[in-house]
Each structure stands twice: as C-alpha cells, then as structure tokens.
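Q: need a 3D model of the sequence below.
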Amino acid sequence: MAASPSAPSSPTATTPAPASTPNGASTPNGSSTPQGSGGTGAPVVHHTPPAQQGGQQVTSKWGRLHYLAPGKFIVGNIGFFTAEDTVVYVAGGTCPDGSTPPDDSKCSIDGLDEWAQAAPHNVTVRFSGQAATTITETQ
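A: Residues are numbered from 1 along each chain as shown. Got it, this is the predicted structure:
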C-alpha cells in the first residue's frame, strides 16, 4: 500500500498542535504571523520583556551612590528616596553637611545631595519600602 502525498512519512512523527495568537492567526509550530500581512508567511517574533521581581522586597544594596534628583538616589540598579529619619554613617572624614562626625560616625542627611554629587561614594543602603533607613559609606 503506497503512502498518500498528505500522510506523514513516519507513523511515529507528531505534529505540534496549532498555537493561537492574540490576533487570531495560528501556525503549527507556535510562531505567529500577522493576518492580512500580504504574504511572506515569515514568522513575527514577539519578545516578552523580562519578568519583574514582583513580591521581592530588597532590604539592602551595596554599590556606588548616584544622585538622581533632590532626595532621590540610585545604588546599584535600585532607585530610592531619603526621609527625615534616614541616617548616614561615614567611613571617615566629614559628614555630608561638612561637620565632624561623632565617634559612631553617625550623620544626618543634611547636605547628602551635594555630598553624593561631589565625589564617588561606595555605600550600603538599607531600605524600608522605597525609602532608605541607613546609608553606610564603605571604603
């Protein structure tokens, strides 16, 4: 018995089920082609953006402190705000406002915008939501 031209050449070969696309077109291999595109039949590649890290709260981040706008900064790839109760610990030298830090190196955020813009600072930032609770300069 001869095989018909439309029958698969191997009895064990499987064909994936057609996939449906939002615009209604479907293809056997799951790629989509736009309807009414006039015809090349070439698949259109749709890239899915990377998934957000939803639900994962970042509690701390280390990196170079970058000034973004008044009271807004970036460390690593995390943007954050400062609040009135944000505490800055300096590794040495002076506080952001120019004063000499006490023995525990604890400073207020006064002058932090200018301090971050004046020179590079590596810091570890601890967060509560999108606000920094502490900014600790590292050497």
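Q: tell me the buried residues in stretch 114-130?
A: 115-116, 121, 123-125, 127 (16 or more other CB atoms under 10 Å). To be clear about C-beta, it is placed using only N, CA and C from the backbone, and glycine gets the same treatment.
Q: and it, how far apart are its ends?
A: Taking CA to CA, to the nearest Å, stretch 114-130 runs 21 Å from one end to the other.
Q: could you do stretch 101-111 as well?
A: Using CA to CA, the distance between the terminal residues of stretch 101-111 is 13 Å.
Q: next: stretch 64-83.
A: End-to-end distance for stretch 64-83: 19 Å, by CA to CA.
Q: identify each buried residue in that stretch, please.
A: Of all the residues in stretch 64-83, those buried under the rule 16+ other CB under 10 Å are 65, 67, 71, 73-75, 80, 82.
Q: how about the buried residues of stretch 114-130 in JSON lines, adding distance to Thr94, pLDDT and secondary structure?
A: Below are those laid out as JSON lines (distance: CB to CB, whole Å; pLDDT from 0 to 100; DSSP: H, G, I helix; E, B strand; the rest coil):
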{"residue": "Trp115", "distance to Thr94": "9", "pLDDT": "94", "secondary structure": "helix"}
{"residue": "Ala116", "distance to Thr94": "14", "pLDDT": "95", "secondary structure": "helix"}
{"residue": "His121", "distance to Thr94": "12", "pLDDT": "93", "secondary structure": "coil"}
{"residue": "Val123", "distance to Thr94": "15", "pLDDT": "96", "secondary structure": "strand"}
{"residue": "Thr124", "distance to Thr94": "19", "pLDDT": "96", "secondary structure": "strand"}
{"residue": "Val125", "distance to Thr94": "20", "pLDDT": "97", "secondary structure": "strand"}
{"residue": "Phe127", "distance to Thr94": "25", "pLDDT": "94", "secondary structure": "strand"}
